[in-house]
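Trainee: Here's my sequence, what's the structure:
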Amino acid sequence: MSRLSIITYPTPILKERAKEVEQLTPELKALIGEMIEAMKEHNGIGLAAPQINISQRIIIVQDANGSHAFLNPRIISKGKKQSAEEEGCLSLPGIFVPVKRSDYVKVVCDTPKGEEVHLKAEGLVARIFQHEIDHLNGNLIINRINPLQRFKIRKHLKEFERAWKNSSRISKKAAG
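Mentor: Numbers count the residues shown, from 1 in each chain. Coordinates of the predicted model:
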């Protein structure tokens, strides 16, 4: 069982740009293994470090060949063709909304071995890259929907906000 917890909306780190990974340390390599474990444990197909309350530009992407970690990923180009598909998010459990994304992306990033790689992804894998890189830039799927869609999920969002405020109060009492 993973020792990592997935944080939920509206935790502030989810709205912030994550910091670049400057040095690959043994601790960082161990964290990547724990992130993969946490993603699988929560039935995810992608995970970004801000979702475990760590401001680092690290993502995990699941494809047909397994789970892969990428550091400091950047989308360098996107295909013009876009599709709207329903997406969920581990940080917004129970919410599924249609999100329009490019069907194809080119990404440049570093691997945990310290190598810079250029990747081409299409279909679901392209969608995962875009979703997880959004997390690194402080964006959630709810930032990519129209006002009517957001109105339809407002009760869920209010529940997340109430739960977060209550947990914050409990944490402050325990610390104080």
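
Trainee: Select the longest strand from the chain.
Mentor: Determined from DSSP state E, the single longest strand within the chain is strand 66-78.

Trainee: quick one: low-confidence parts of this structure?
Mentor: 1-2, 168-176 (pLDDT under 70).

Trainee: didn't Ile59 look like it was pressed against Asn72?
Mentor: No. Applying CB atoms under 8 Å, one finds Ile59 not in contact with Asn72, separated by 9.6 Å. Using the backbone N, CA and C atoms, a C-beta is placed for each residue, glycine as well.

Trainee: ok so, going back, just the residues contacting the longest strand of the chain, thanks.
Mentor: 20-21, 24, 32, 35-36, 39-40, 57-62, 102, 104-112, 118, 129-130, 132-133, 136 (CB atoms under 8 Å, 6 or more residues apart in numbering).

Trainee: contacting residues for Ile153?
Mentor: Going by CB under 8 Å, 6+ apart, the list of residues near Ile153 reads 95, 97, 142.

Trainee: Export those residues as TSV, with columns for secondary structure.
Mentor: Shown next, in TSV, are those (DSSP: H, G, I helix; E, B strand; the rest coil):
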residue	secondary structure
Ile95	coil
Val97	strand
Ile142	helix
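
Trainee: Understood, closing this out.
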